[in-house]
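Q: here is a sequence together with a model predicted from it:
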Amino acid sequence: MALKTSDFAARVRSVVRRIPRGRVATYGDVAAAAGRPRAHRAVGNIMRTCRDTSIPCHRVIAAGGKLGGYAGDTHTKRARLMAEGVLVSGGRVRGFKKLRLKIED
DNA sequence: GCATTGACTAGGG
DNA sequence: GCCCTAGCCAATG
């Protein structure tokens, strides 16, 4: 299938949307699940430009458990993660498990 | 169509 | 454990 740039963004959105509550994924994981394991940067860019409320973008964190960023307020992201059962301390996510992100239409 | 930006990552100091 | 540098990719102007 034709992997168009817009398609990649659509895949990223689909992957993030499949992240269950209380679980988080890194930008690299989402990028890999979208078909571009080296597009971790683009993933963050897509999230920022997409700003779709239907997508739990707060469940997407940086590698090493770092918060990464959010729409202007990283502390909001931290509060959201903790509200979903994700332990966050010292500005980093503790004991987060890697998800099996996959695209399945 | 080119140049800049950005919510990243891995490696080295 | 933190800061800086280099590399990669897509969106935007």
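A: Everything's here; your move.
Q: alpha carbons only for contacts and neighbour counts from here, please
A: Fine.
Q: after the longest helix seen in chain A, next one along is what?
A: For chain A, the helix that runs over the most residues, judged by DSSP state H, is helix A:5-17. Heading C-terminal from helix A:5-17, the first helix or strand you meet, by DSSP states H and E, is strand A:25-26.
Q: close to DNA strand C, is that following strand?
A: No. Strand A:25-26 does not reach DNA strand C (Cα under 7 Å from any atom of the strand); its nearest approach is 13.6 Å.
Q: before we move on, back to that, list the buried residues in the longest helix of chain A.
A: Residues of helix A:5-17 classed as buried under the neighbour-count rule (16 or more other Cα atoms under 10 Å) are A:8, A:9, A:11, A:12, A:13, A:14, A:15, A:16.
Q: roughly how far out does the helix or strand containing residue A:77 sit from the chain middle?
A: Using DSSP H and E, residue A:77 maps to helix A:74-83. Averaged C-alpha coordinates place helix A:74-83 at 13 Å from its chain's average position (Cα atoms, centre = their mean, to the nearest Å).
Q: does residue A:11 really touch residue A:34, like I thought?
A: Yes. With contact defined as Cα atoms under 8 Å, residue A:11 counts as touching residue A:34 (5.2 Å).
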